[in-house]
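K.L.:
Generate coordinates for the sequence data below:
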Amino acid sequence: MRRAAPVAGLAARTAGESVLRALRRRSETPEEAVAQAERYVELLGRSKGALMKAGQILSFVPFGSSVPAENRAAFQAAMARLQANAPPMAPELAASVIEEELGSAPDRVFAEFSPRPVAAASIGQVHSARLPDGRPVAVKVQYPGVAEAIRADLRNTELVAVLFQLLRSVIPGLSRLDLREVAEEVTERVSEELDYHQEAKNQARFAHAYRGHPFIRIPEVHAEFSTRKVLTQDWADGVDFAEAVSAPQDLRDRWSESIFRFVFGSLRRLCAFNADPHPGNYRFGLDGVVTFLDFGCVKAFSRDQVTQMQNVMRAVVAGDAEALWRGFVDVGVLSPSDGPSPQEVLDWWGPGLEMITGPQPYRLSPEHVARVIEREFSPVGDSGRVVRKMSLPKDWVFMSRIDMGLMSVLAELGATGDWHAIQQELDEGAAPRSEMGRADAAFWAGRDPLTSTRR
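P.N.:
Modelled structure (predicted):
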């Protein structure tokens, strides 16, 4: 109640339910929809924690037919501020956290420190600074008490129910999942996000692997200026997502290929990916380079699990219904004895990968992604029988998040590319067809991705 009180004096559950009602209610005028959106974004932003994370997801995932058409643009435009522009904490609070964690006031620890944050999100906010040697850095400072608040959120069964209602607004079939397993996986990943030591470790792993890459950048972490609640890393130049979506098409296509290669390339080579794909975590360079931020939520897999994912992809590309059915049975998505037929499974999952299986180059659009999400998760309609029979193993919970998030980001960029060719490079070892593909292949040639050393 304390976290929601600054705006409306409501408990977090009430805040979430208010957003749900606003999403579903038809507005009499466009102005009314905008006013509703602004109010509830303020609620979610000041609530911080788990509710704000749900708002971040709602900010970039296409709503589809589950939300009245006249409300969609207003809510997504307003909620986009939650990606990096949530209401910040007072400067003296940020300074007190740095002093407690690093032993001195910010102006003593750093040669320069801006008390005004450049970004504020669900767990912490970012300040620009300079190290004593003059290097520009970004200092992420965790909100006081947010760790305890989020852990309380995750123990609050009523609030968790509201979170799933919010997400069900854009994923109608979410009710088919094992909520205990989902909650367990979400709790594990979010708990890691609260520990900046763990985030620094995750980021250092990716930075080491991609150091010197031609179009993928990971900022280096400065461990001596980092703790569990303060994370200091190299400053990342580039425009934000709001500017990127209006850039020239060829530049948006380069950025999109970089993002696609990073997400799927990391999974194939490092057996891990950054599982928080919202647009506030990217910086776009005018040279086509993308800098990837925020490694608090990283999901790792075994090599066998990655092979299973590749087998599912190969089956869809080949149009092999039997192989796809076996692949989903192997990972536990479908039961071998009480499930849909192989052809039903292919008819359900295949259209979602049209960006890879369709005519190339393929252009993604928000409308296409909304249709894919509805088809893959809706318990009614052409593939309802498959959706009603599927389950999602714990390890695959964040696969859905990254898949949905990646497509949504690329769709907002209006991405056009030969996605099939990139998939063939990563899964079949095919020769690259694009200039970026050749640069990527040259970078990885003879390199062990797990150690980033030459073999």
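
K.L.:
CA only for contacts and neighbour counts going forward, please
P.N.:
Fine.

K.L.:
Which pLDDT value goes with residue 386?
P.N.:
Listed pLDDT for residue 386 reads 82.

K.L.:
List the buried residues in the helix or strand containing it.
P.N.:
Under DSSP states H and E, the secondary-structure element containing residue 386 is helix 384-389. By neighbour count on 16 or more other C-alpha atoms under 10 Å, the buried set for helix 384-389 is 384, 385, 386, 387, 388, 389.

K.L.:
Name the residues of the helix or strand that it is followed by that come out as buried.
P.N.:
Using DSSP H and E, the helix or strand that follows helix 384-389 in sequence is helix 397-412. Judged by neighbour count using 16+ other C-alpha under 10 Å, the buried positions of helix 397-412 are 397-399, 402, 404-412.

K.L.:
repeat for stretch 214-221
P.N.:
By neighbour count on 16+ other C-alpha under 10 Å, the buried set for stretch 214-221 is 214, 215, 216, 217, 218, 219, 220, 221.

K.L.:
Just grab the bridge partners of residue 217 for me.
P.N.:
residue 291 (DSSP bridges).

K.L.:
Quick check, pLDDT for it.
P.N.:
Residue-level confidence at residue 217 comes out at 98, pLDDT.

K.L.:
Isn't it up against residue 290?
P.N.:
Yes: in terms of C-alpha atoms under 8 Å, residue 217 counts as a neighbour of residue 290; the distance is 6.2 Å.

K.L.:
ok, now how distant is residue 311 from residue 326?
P.N.:
Residue 311 sits at a distance of 9 Å from residue 326 (criterion: C-alpha to C-alpha, to the nearest Å).

K.L.:
what do you get for residue 438?
P.N.:
Counting by C-alpha to C-alpha, the gap between residue 438 and residue 326 amounts to 34 Å.

K.L.:
what's the answer for residue 294, then?
P.N.:
Noted for residue 294: a distance of 35 Å to residue 326, by C-alpha to C-alpha.

K.L.:
which one of residue 438 and residue 326 has more residues nearby?
P.N.:
Between residue 438 and residue 326, counted using other C-alpha atoms under 10 Å, the more crowded position is residue 326 (18 against 12).

K.L.:
Can you give me the buried ones in the helix or strand where that one lies?
P.N.:
Secondary-structure element containing residue 326, defined by DSSP H and E: helix 321-331. Residues of helix 321-331 classed as buried by neighbour count (16+ other C-alpha under 10 Å): 321, 323, 324, 325, 326, 327, 328, 329, 331.

K.L.:
I'd like a version of those in CSV, one that adds pLDDT and distance to residue 206 as further columns.
P.N.:
Converted to CSV, the buried residues of helix 321-331 look like this (pLDDT from 0 to 100; distance: C-alpha to C-alpha, whole Å):
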residue, pLDDT, distance to residue 206
321, 97, 35
323, 97, 33
324, 95, 31
325, 95, 33
326, 94, 32
327, 93, 29
328, 91, 29
329, 91, 31
331, 86, 26
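
K.L.:
got the buried residues for the one helix or strand residue 436 maps to?
P.N.:
Taking DSSP H and E as the criterion, residue 436 maps to helix 435-444. Neighbour-count burial for helix 435-444, counted by 16+ other C-alpha under 10 Å, picks out 436, 437, 440, 444.

K.L.:
Tell me how many other residues surround residue 283.
P.N.:
21.

K.L.:
Report the mean per-residue pLDDT for the helix or strand where it lies.
P.N.:
Residue 283 belongs to strand 282-284 when elements are defined using DSSP H and E. Strand 282-284 shows a mean pLDDT of 96.

K.L.:
picking that back up, what would the helix holding residue 436 look like as PDB? C-alpha coordinates only.
P.N.:
Extracted as PDB, the C-alpha positions of helix 435-444 are listed here (Å, rounded to 0.1, in the frame of the first residue of the first chain):
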ATOM      1  CA  GLU A 435      27.600  -8.400 -45.100                       C
ATOM      2  CA  MET A 436      26.800  -8.500 -41.400                       C
ATOM      3  CA  GLY A 437      26.700 -12.300 -41.500                       C
ATOM      4  CA  ARG A 438      30.200 -12.400 -43.000                       C
ATOM      5  CA  ALA A 439      31.500 -10.100 -40.400                       C
ATOM      6  CA  ASP A 440      29.900 -12.200 -37.600                       C
ATOM      7  CA  ALA A 441      31.400 -15.400 -39.100                       C
ATOM      8  CA  ALA A 442      34.800 -13.800 -39.200                       C
ATOM      9  CA  PHE A 443      34.600 -12.800 -35.600                       C
ATOM     10  CA  TRP A 444      33.700 -16.300 -34.400                       C
END
